[in-house]
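Chemist: quick one: sequence plus predicted model below, questions after.
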Amino acid sequence: MAGEIQNPIIRVRDITVQFGATRVLDGLNLDVKRGEILGFVGPSGAGKSVLTRTIIGLVPKVAGSIEVFGVDLDSSSTSQRRNVERRWGVLFQQGALFSSLTVRQNIQFPMREYLRVSQRLMDEITMAKLTMVGLKPEVAERFPSELSGGMIKRVALARALSLDPDLVFLDEPTSGLDPIGAGDFDELVRTLQRTLGLTVFMVTHDLDSLYTACDRIAVLGNGKIIAAGSIADMQASQHPWLRQYFHGKRARAVMG
Amino acid sequence: MSSDPKLERIAKGNALALRATGTWTASFAPVLERMVADAEKLGGSPQSIFIDVSEIAKLDTFGAWLIERLRRSLTTGAVEPQIAGLSANYSSLVDEVRRVRATPVIDRSPITITGMLEQIGRAVAGLAGTVAGLVDMLGAVLAAGFRVLIHPRSFRLTSTVHHMEQVCWRAVPIIVLITFLIGCIIAQQGIFHFRRFGADIFVVDMLGVLVLREIGVLLVAIMVAGRSGSAYTAELGSMKMREEIDALRTMGFDPIEVLVLPRMMALVLALPILAFLGAMAALYGGGLVAWLYGGVQPEAFLLRLRDAISIDHFIVGIVKAPVMAAVIGIVACVEGLAVQGSAESLGQHTTASVVKGIFFVIVMDGVFAIFFASIGM
């Protein structure tokens, strides 16, 4: 990996994740800078989601260490860990909204758990979050089953942002959205990153997102990070998969 | 770096000037809200209003919104409060929050007596819908059955066998165990009470008639409703939630034929088998207790049993089994296909499936009792 980053928000060192006999991540190292949008790409099945879930703590690792906000998640106490969890938000691939709660209740759920805030303020903040993710206030009383795919992603993002986190994980935020919707979503992530000072860790397949939204790109292959850097670095890379990815038919179409 | 937030009045007279300092974030929300509420009462009718935010150390959406709330509530007539000293980092956040439309706080309707009465009324009115739904499903299943009779190749044997394994073969241990225990209990109670009249041996009559006519099939049907009816509803319901049923339809398959019919067939075949096994287990348990507890020798038990019961008793019991199976299956499938998008809905319909299944099983048992009494069986 090129260059050690000073004081990273996420520091992943030598992590190995194994399912049975198959080794998905093999001694992987990754740093995420404060305030950047990191795009995370790689072939299907390479373990992008696995890495995300390992950092969040949903998948156990065999070896290695993960530090988020300077806290080692393995040796941290429960209260330290809760404190870290309160400062990050996660947007799951399918949204993972609670189906028995309305949009408003979904967004207020983390607030109720972590903050002592009056109902009035919670309602007002919910409306603010809905406006920020580009949804109308009327959506608040709907159930997730009554939303379209794009709206589910937006509500899920609003829920991920409900505690004003410093770090958000987005797992394929634009998959399943139409190109215009996906473009809007990229724009939205950019705007929110600017206004809220977010650090964004985004797993994506979307070349447009890489070009328009991301500050830096990391590429996963063979259980390791095979390249990390700006979009220009990626295009200059001689790695066969990267060449195919960034110089293939679709990539040329995106670059125009 | 986090310091307690403050909101102070720094100028008096015609101008109202407020200075916000410290950390304006979600963790301090209760304090912030109180301060803002206090500040809203200030004023009178100042010539100009001025909010200095230059010394805010940290600001998030909560803090930005509370400043916005203050700004909005201090806005009266021509006087527009000025927000000054906003650092470049936070100005876009404050701008973003300013776009939020003020929506009235949603009034959550409280639970009232009229509301509860209304719910009861709706539930009663909904009963007719329930019965109509069951008849509808019965018709659909029969129609699918006739289609399969005409084109036997479209019958889903593999699926039926799979469901037979689930609802019949795998249910045998628990059904046999429970009916065995019930047989034991009936015999013990019978002997205990009949002994006072010196009529111990009549426990065999009671056991035989009760188990073969009523308890055997009723108990097994109730257990199957709880065990397999709920499983059917949950399976179909989660398929409905994930649009799998819509997928089947678009491929030109009839969900009734593909999903419901094999399940119904399996259940209709399984329940008589389970009811038979259950009745045998109950008789065996009763005989065991009669022998060990009541001192009725096995030979005497069998001799008495042969006198006490006829094939009619057995037929009366076993004839009910497929009908009850059909009722359980139809209720379960109707409920499963009625599941809406949420996990809560799945839970409600699974509960409803078991409750209604057991209810209709008992109603059917009553109908059969009247019927058999009328024909003198």
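Modeler: Yep, that arrived.
Chemist: strands of the chain, start to end?
Modeler: Unless you meant another one, I'm taking chain A. A:10-19, A:22-32, A:37-41, A:63-68, A:71-72, A:88-91, A:167-171, A:199-203, A:216-221, A:224-229 (DSSP state E).
Chemist: wait, chain B
Modeler: Counting by DSSP E, the strands of chain B are B:6-11, B:15-24, B:48-59, B:82-84.
Chemist: who does residue A:32 bridge with?
Modeler: residue A:10 (DSSP bridges).
Chemist: count the neighbours of it for me.
Modeler: The number of residues packed near residue A:32 is 23, by other CB atoms under 10 Å in any protein chain shown. Where C-beta positions appear, they are placed from N, C-alpha and C, glycine not excepted.
Chemist: can I get the strands of chain B in CSV including distance to residue B:129, mean neighbour count and mean pLDDT?
Modeler: Shown next, in CSV, are those (distance: least, CB to CB, whole Å; neighbours: other CB atoms under 10 Å in any protein chain shown; pLDDT from 0 to 100):
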stretch, distance to residue B:129, mean neighbour count, mean pLDDT
strand B:6-11, 58, 14, 75
strand B:15-24, 54, 20, 79
strand B:48-59, 54, 18, 78
strand B:82-84, 57, 15, 78
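Chemist: for the chain, which spans come out with low pLDDT?
Modeler: In the absence of a named chain, chain A is used. For chain A, the stretches with pLDDT under 70 are A:1-6, A:249-256.
Chemist: look at chain B instead
Modeler: The low-confidence ranges in chain B, as defined by pLDDT under 70, are B:1-2, B:11-13, B:43-46, B:77-78, B:102-109.
Chemist: rerun that using 50 as the cut-off
Modeler: Scanning chain B for pLDDT under 50 picks out B:1.
Chemist: quick check: residues of it near chain A?
Modeler: With CB under 8 Å from any CB of the partner chain as the criterion, chain B meets chain A at residues B:25-27, B:29-30, B:33, B:60-62, B:65-66, B:69, B:89, B:92-93, B:96-97, B:99-101, B:103, B:105-106, B:340-345.
Chemist: quick one, what contacts the closest residue to chain B within chain A?
Modeler: Nearest residue of chain A to chain B (CB to the nearest CB) works out as residue A:145 at 2.3 Å. By CB atoms under 8 Å, 6 or more residues apart in numbering or on different chains, the contact list for residue A:145 reads A:99, B:340, B:341, B:342.
Chemist: which of the residues you listed sit farthest apart?
Modeler: A:99 and B:340 (9.2 Å; CB to CB).
Chemist: quick check: longest helix of chain A.
Modeler: helix A:179-196 (DSSP state H).
Chemist: now do the domain split for the chain, please.
Modeler: Since no chain was named, I'll use chain A. As assigned by automatic domain parsing, chain A contains the domains A:1-67+A:166-256, A:88-164.
Chemist: that's the other chain; I wanted chain B
Modeler: Taking automatic domain parsing as the criterion, chain B consists of the domains B:6-98, B:150-374.
Chemist: what about residue A:228, distance to residue A:17?
Modeler: 19 Å (CB to CB, to the nearest Å).
Chemist: what about residue A:80, how many neighbours?
Modeler: Residue A:80 has 14 nearby residues by other CB under 10 Å.
Chemist: surely it meets residue A:71?
Modeler: Yes: counting by CB atoms under 8 Å, residue A:71 is a contact partner of residue A:80 at 5.5 Å.
Chemist: hey, what's the closest residue to residue B:6 other than its chain neighbours bridged with?
Modeler: Counting by CB to CB, 6 or more residues apart in numbering or on different chains, residue B:21 is the residue found nearest to residue B:6 once chain neighbours are left out, at 4.8 Å. Counting by DSSP bridges, residue B:21 forms beta bridges with residue B:6, residue B:55.
Chemist: dump the residue contacts of residue B:21.
Modeler: With contact taken as CB under 8 Å, 6+ apart, residue B:21 is in contact with B:3, B:5, B:6, B:7, B:8, B:55, B:56, B:57.
Chemist: from those residues, which two are the most distant?
Modeler: B:8 and B:57, at 15.1 Å, using CB to CB across the contacts of residue B:21.
Chemist: on that earlier part again, and the domains of chain A, which is most packed in?
Modeler: Most buried of the domains of chain A by mean neighbour count (mean count of other CB atoms under 10 Å in any protein chain shown) is domain A:88-164; its value is a mean of 20.
Chemist: re the thing from before, now render the contacts of residue B:21 as CSV, adding distance to residue B:314.
Modeler: Formatted as CSV, the contacts of residue B:21 follow (distance: CB to CB, whole Å):
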residue, distance to residue B:314
B:3, 85
B:5, 82
B:6, 87
B:7, 85
B:8, 91
B:55, 91
B:56, 85
B:57, 85
